[in-house]
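> here is my input; please provide its structure:
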Amino acid sequence: MVDGNKAIFRRAFWAFGALINEFQYYYPLISIEGTHLYGKSNEKLMVPVAYDMNNKVYSLCFAIVEKETNNNWSWFLDLLR
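Residues are numbered from 1 along each chain as shown. Modelled structure (predicted):
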C-alpha cells in the first residue's frame, strides 16, 4: 500500500508447488501457528503445518502480516483453502 510518498507493508503470502502437490499424502488435519518476527518491524509470520504418514511435519505455505487481526486471519485462511 502506498500512502503519499511512503510505502506501507500490509501482508504477503507464498506457497511452493511441491508442498501443495504432496499434501494429498498428509493426514487431513492442519495446525496453524503464528509467531512474532523481531527486528526493525514487528510483523507476524503465519504458517500452517500438516503431518505425513511418518508423522513428519511439513509447512504448507507462509504469510507475513503487519498485525495479527481478524481481517488478516480471514485473508490467510481464505488463501489457505
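> from here on, just use CA atoms for contacts and neighbour counts.
Noted.
> enumerate every residue touching residue 60.
15, 16, 19, 20, 23, 47, 48, 49, 50 (CA atoms under 8 Å, 6 or more residues apart in numbering).
> out of those residues, which are buried?
When the contacts of residue 60 are checked for burial by 16 or more other CA atoms under 10 Å, the buried set is 23, 47, 48, 49, 50.
> surely the third one and residue 31 touch.
Yes: in terms of CA atoms under 8 Å, residue 48 counts as a neighbour of residue 31; the distance is 5.5 Å.
> isn't residue 42 right up against residue 66?
Yes: counting by CA under 8 Å, residue 42 does reach residue 66; the two are 7.0 Å apart.
> quick one: which of those two has more around it?
residue 66 (17 against 12; other CA atoms under 10 Å).
> for that one, give me its contacts.
9, 10, 11, 42, 43, 44.
> please report how far the third one lies from residue 62.
If I follow you right, that is residue 11. 11 Å (CA to CA, to the nearest Å).
> do the same with the last one
In this structure, residue 44 and residue 62 are 11 Å apart, going by CA to CA.
> which residue ranges of the chain form helices?
Ranges of helices within the chain are 17-22, 70-80, based on DSSP state H.
> ok, of those, where does mean pLDDT dip lowest?
Mean pLDDT is lowest for helix 17-22 among the helices of the chain, at a mean of 84.
> only C-alpha atoms, please: export that one in PDB.
The C-alpha trace of helix 17-22 is given here as PDB (Å, rounded to 0.1, in the frame of the first residue of the first chain):
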ATOM      1  CA  GLY A  17       4.200 -26.200  -5.700                       C
ATOM      2  CA  ALA A  18       6.000 -29.300  -4.400                       C
ATOM      3  CA  LEU A  19       4.400 -28.900  -0.900                       C
ATOM      4  CA  ILE A  20       0.900 -28.300  -2.500                       C
ATOM      5  CA  ASN A  21       1.300 -31.500  -4.600                       C
ATOM      6  CA  GLU A  22       2.500 -33.600  -1.600                       C
END
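> how many other residues sit next to the closest residue to residue 14 other than its chain neighbours?
Distances taken as CA to CA, 6 or more residues apart in numbering place residue 62 nearest to residue 14, at 5.5 Å, with adjacent residues excluded. Applying other CA under 10 Å, we find 17 residues neighbouring residue 62.
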